[in-house]
Structure formats: structure tokens, C-alpha cells
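Peer 1: predicted model and sequence follow; I will ask about them next.
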Amino acid sequence: MTDRARLPNRRPSINVQVMLDGHGYTVTFNEDDPPREVFVDGGKDGSRLAAEMHDGAVAASLALQYGCPLDVLAGAMLRGAAGEAQSVLALACDVARGGP
């Protein structure tokens, strides 16, 4: 097993506003290259959507910290026929890669 690349408690981050299916979300990731952490916000606090976004972002962050390349993670996310992101987490990965 690969060692986890632990991040400092305080680190610079980038916030990006994104839209998916007419809903706005805030995607936050660390400034380092490659990104090792992602946060997604936009669901109503306490809602199932907010919980799913939180847990998905934690899982993605851990994958990145254990060495999964961002391109591999982004490629594993649900995509439409033209390759467009079908989930907020897929869109967050695209943003972290410098996409939409």
C-alpha cells in the first residue's frame, strides 16, 4: 500500500463556482499541483445531497492523497455521451484539472 500524502492543517485553496443542471455549487481544492483535496458544497445542510457530496469529496481526496492520479479519478466518474460530467464530483475533478 502507498503511504498517504498528509496535508498541513492550513493550506491555500481555490474556490470555484460551478453550475450543473441549473444548480450552483462551490468546488474548493488545494492550490498544490497536483490537487490532493477537494470539497464540494451546494446541497442544503442536513440533506442527503449534501451528505453524498461530502462523502464523495472525502473519498476522492483520500484517493488523491494515496496517489491516485487526478486524470484516472476524473476518468472513472460518470460521463455523458460527449464526455461531459454527469455529477458534481466529476465536475469538481474537471475543474481541478483546469477544465470547465
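Peer 2: All right, it came through fine.
Peer 1: specify the helix with the largest residue count in the chain.
Peer 2: helix 48-65 (DSSP state H).
Peer 1: what's downstream of that one, the next helix or strand?
Peer 2: Later in the chain than helix 48-65, the nearest helix or strand by DSSP states H and E is helix 70-76.
Peer 1: which residues touch that following helix?
Peer 2: Residues from elsewhere that reach helix 70-76, judged by Cβ atoms under 8 Å, 6 or more residues apart in numbering: P34, P35, A60, A63, L64, A90, C93, D94, A96, R97. In this view, the C-beta of every residue, glycine as well, is placed from N, C-alpha and C.
Peer 1: of all the residues you listed, which two lie farthest apart?
Peer 2: Put simply, by Cβ to Cβ the two of those set farthest apart are P34 and A90, 16.9 Å from each other.
Peer 1: these two: who's more crowded?
Peer 2: The residue with more neighbours, out of P34 and A90, is A90; 22 against 14, by other Cβ atoms under 10 Å.
Peer 1: F29 and A81: what is the separation?
Peer 2: Distance, F29 to A81, by Cβ to Cβ, to the nearest Å: 27 Å.
Peer 1: the more surrounded of the two?
Peer 2: Applying other Cβ under 10 Å to F29 and A81 shows that F29 carries more neighbours, namely 25 against 5.
Peer 1: buried ones in the helix or strand harbouring the more buried one?
Peer 2: Assigned by DSSP H and E, F29 belongs to strand 23-30. For strand 23-30, a neighbour-count test (16 or more other Cβ atoms under 10 Å) marks Y25, V27, T28, F29, N30 as buried.
Peer 1: give the other helices and strands that that strand contacts.
Peer 2: Applying 3 or more Cβ pairs under 8 Å, 6 or more residues apart in numbering; DSSP states H and E, we find strand 23-30 packed against strand 13-20, strand 38-41, helix 88-96.
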